[in-house]
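Participant: heads up, no residue letters with this:
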């Protein structure tokens, strides 16, 4: 049976998963990109962006690689898919990732506005789900057919699935950055009560990797 | 010139510096003790508690040792000094630490209730400061005579001095524990705006050590 995972999700030392004021120029919010510096130099990331060789091996890379293993479907919040709000303006926006997004599976995008599925290169199809997070999860699990479902983000989407008790495992990459403001991943949330226990904290080259797991009841 | 430091201050993965419901049986709040597991096995801690040999060396121990270096004075919140509230009930309560507290310097305790200084063995004298955090800081700096002032805690005391812009450096020990509730060290606080930058994140044997430093302006 597949798991529902958050993986390679970057947060600052003060707990923010994105900076404030997300827009077209700051898809991760102001200073949000700094959270992800640890991944850019890894071989996994370099290969994903068309470099045939190079990129660092090591702990960070191995966590990055693991985040993509055994995935059968993704779920994304709409703000992670794009910066626009309100009704879709036709089919012009196809995500931040070009013609070949790094998902290679069905991707279920949470939105209030209906839109036809969008077939991309490399096996990614974006499905736009308008009837809520439970419906998106059901569709994602069906599509994953026993593989894992990865909640890609952003912060609000992760928080909604956490609160709903639907996440089995989280790998957070704690970056040596203080954002001071933005979207806090866990504010007001009781992870212990939600059943999570820390599994490990591993020092990478440019981030500290925290793995939290829902304990079986 | 001495610095004002927070050091070896333990927090949970979800950012709590103490558990809820502090009382005589739970001086660190419910489950608060778990935050400090990393230090108990170290040589520094073992020696401090009268063991003549034994205790782990290594990264955790070296951060614990560093937390005591070059100290000229301490500042503690009253709740860190004891569990009682309201006026002092005579001189009966002398802190949690027995006749020879681990401070060995003047210690300034923030309180609303006056009390005579309390001279302990080993060079520790507790002074009870009733006229606010600025006054306590001035007295601590005078007493430290060029050495560092360490803010011992608890959470509320650290937050007050952070907000007042008076802390130069923080070493936090991030423990692999999720508390879920309790006293959050940084909630609602903008560390970036307060001028802090991360200096390093170092993996210890039982905690991850984060060093934050006020950047010079």
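Facilitator: Nice, thanks for sending it over. Quick caveat, the model's predicted, so the values are computed rather than measured.
Participant: for chain A, where's the lowest mean pLDDT among helices and strands?
Facilitator: In chain A, the helix or strand scored least confidently by mean pLDDT, DSSP states H and E is helix A:43-48, which has a mean of 90.
Participant: Which pLDDT value goes with residue A:90?
Facilitator: Looking at residue A:90, its pLDDT reads 84.
Participant: tell me the SS of it?
Facilitator: For residue A:90, the assignment made with DSSP: H, G, I helix; E, B strand; the rest coil gives coil.
Participant: Could you check how far it is from chain B?
Facilitator: 39 Å (C-beta to the nearest C-beta, to the nearest Å). Bear in mind the C-beta positions are built from the backbone N, C-alpha and C, glycine included.
Participant: Could you do residue A:172 as well?
Facilitator: 8 Å.
Participant: Please apply the same query to residue A:92.
Facilitator: 36 Å.
Participant: can you pull the contacts of the spatially most central residue of chain A?
Facilitator: Compute the mean C-alpha point of chain A, and by C-alpha atoms, centre = their mean the closest residue is residue A:152, 2.1 Å away. For residue A:152, the contact set (C-beta atoms under 8 Å, 6 or more residues apart in numbering or on different chains) comprises A:74-76, A:80, A:107.
Participant: Please repeat the previous calculation with a cut-off of 7 Å.
Facilitator: A:74-76, A:80 (C-beta atoms under 7 Å, 6 or more residues apart in numbering or on different chains).
Participant: Pretty sure residue A:212 sits against residue A:170.
Facilitator: Yes: judged on C-beta atoms under 7 Å, residue A:212 makes contact with residue A:170 at a distance of 4.6 Å.
Participant: Going by neighbour count, which residues in the least confident helix or strand of chain A are buried?
Facilitator: By 16 or more other C-beta atoms under 10 Å in any protein chain shown, the buried positions in helix A:43-48 come out as A:43-46, A:48.
Participant: Give me the buried positions along stretch A:63-83.
Facilitator: In stretch A:63-83, counting by 16+ other C-beta under 10 Å, buried: A:63-64, A:66-68, A:71-82.
Participant: Looking at those residues, which are in strands?
Facilitator: Per DSSP state E, strands hold the following members of the buried residues of stretch A:63-83: A:71-77.
Participant: bridging residues for residue A:26?
Facilitator: Applying DSSP bridges to residue A:26 gives these bridge partners: residue A:23.
Participant: pretty sure the residue nearest to the centre of chain A belongs to a strand, no?
Facilitator: Yes: assessed by three-state DSSP, residue A:152 belongs to a strand.
Participant: what's the closest of the ones in strands among the buried residues of stretch A:63-83 to chain B?
Facilitator: residue A:77 (21.7 Å; C-beta to the nearest C-beta).
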